[in-house]
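1. This is the structure alone, sequence omitted:
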């Protein structure tokens, strides 16, 4: 994986984020799929994004 990362490959493990406090399995799946879509620059509304102040 290190060799791949050094040549620019994006390594995106399917790990749910618990910082958004998912209530269902569907919430966790939406987060994982949303993160994958983010890597391709595809707009979505699968999870609420953090707001910056």
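-> Thanks, I have it. The structure presented is a predicted model; accordingly, all values stated were derived computationally and were not measured. Numbering: from 1, shown residues only.

2. Okay, buried residues for the one helix or strand residue 33 maps to please.
-> Assigned by DSSP states H and E, residue 33 falls within helix 25-39. Across helix 25-39, burial judged by 16 or more other CB atoms under 10 Å covers 28, 30-32, 34-35. All C-beta spots, glycine's among them, are computed from the backbone N, C-alpha and C.

3. Find the nearest non-adjacent residue to residue 36, please.
-> The shortest distance from residue 36 to any residue other than its chain neighbours is 6.4 Å, reached at residue 12 (CB to CB, 6 or more residues apart in numbering).

4. Report the contact partners of the one you found.
-> Applying CB atoms under 8 Å, 6 or more residues apart in numbering, we find residue 12 in contact with 35-36, 39.

5. measure it to residue 51 for me?
-> 24 Å (CB to CB, to the nearest Å).

6. swap in residue 38?
-> Counting by CB to CB, the gap from residue 38 to residue 51 is 16 Å.

7. What of residue 28?
-> Counting by CB to CB - residue 28 and residue 51 are separated by 21 Å.
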